[in-house]
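Undergrad: can't give you the sequence, but here's the structure:
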């Protein structure tokens, strides 16, 4: 059963997202795909990040930003969930 309003994309994702950004429309969201996020960050196609930071520590995992490059973010908003997670809304500009 297809998701209502979804589109199957068979072309390279970065080009598809670039075309979406140039067209009229709303926000573009990426959920649970660090590989896609890394590709979009490398091409400068990310304007904002909305991060969920849980109140747990993990010793390993894939970094959000590859190559150890520092990125300057501007915090726009922060909220806390009932479970203690922080919801961070940052801009890349």
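TA: Yep, that arrived. Quick caveat: nothing in here was measured; it's all calculated off a predicted structure. Residues are numbered from 1 along each chain as shown.

Undergrad: Residue 5: neighbouring residues, count only.
TA: Burial measure for residue 5: 5 neighbouring residues, criterion other Cβ atoms under 10 Å. (C-beta placed from N, C-alpha, C; glycine too.)

Undergrad: gap between it and residue 79?
TA: 27 Å (Cβ to Cβ, to the nearest Å).

Undergrad: same check, this time on residue 27
TA: Distance from residue 27 to residue 79, by Cβ to Cβ: 18 Å.

Undergrad: Show me where the chain dips below the pLDDT cut-off.
TA: Applying pLDDT under 70 to the chain flags residues 1, 68-69, 93.

Undergrad: Quick one: the helices in it, in order.
TA: 13-22, 34-42 (DSSP state H).

Undergrad: what comes up buried for the shortest one?
TA: Of the residues in helix 34-42, those with enough neighbours to count as buried (16 or more other Cβ atoms under 10 Å) are 37-41.

Undergrad: Likewise for stretch 83-93?
TA: Neighbour counts over stretch 83-93 (16+ other Cβ under 10 Å) mark 88, 90 as buried.

Undergrad: From the opening residue of stretch 6-20 to its closing one, how far?
TA: This stretch, stretch 6-20, spans 14 Å end to end (Cα to Cα, to the nearest Å).

Undergrad: List of residues touching it?
TA: 28, 36, 39-40, 43, 45 (Cβ atoms under 8 Å, 6 or more residues apart in numbering).

Undergrad: Just give me the closest of those to residue 22.
TA: Taking Cβ to Cβ as the measure, residue 45 is the one of the contacts of stretch 6-20 closest to residue 22, at 10.5 Å.

Undergrad: Nice, that's everything, thank you.
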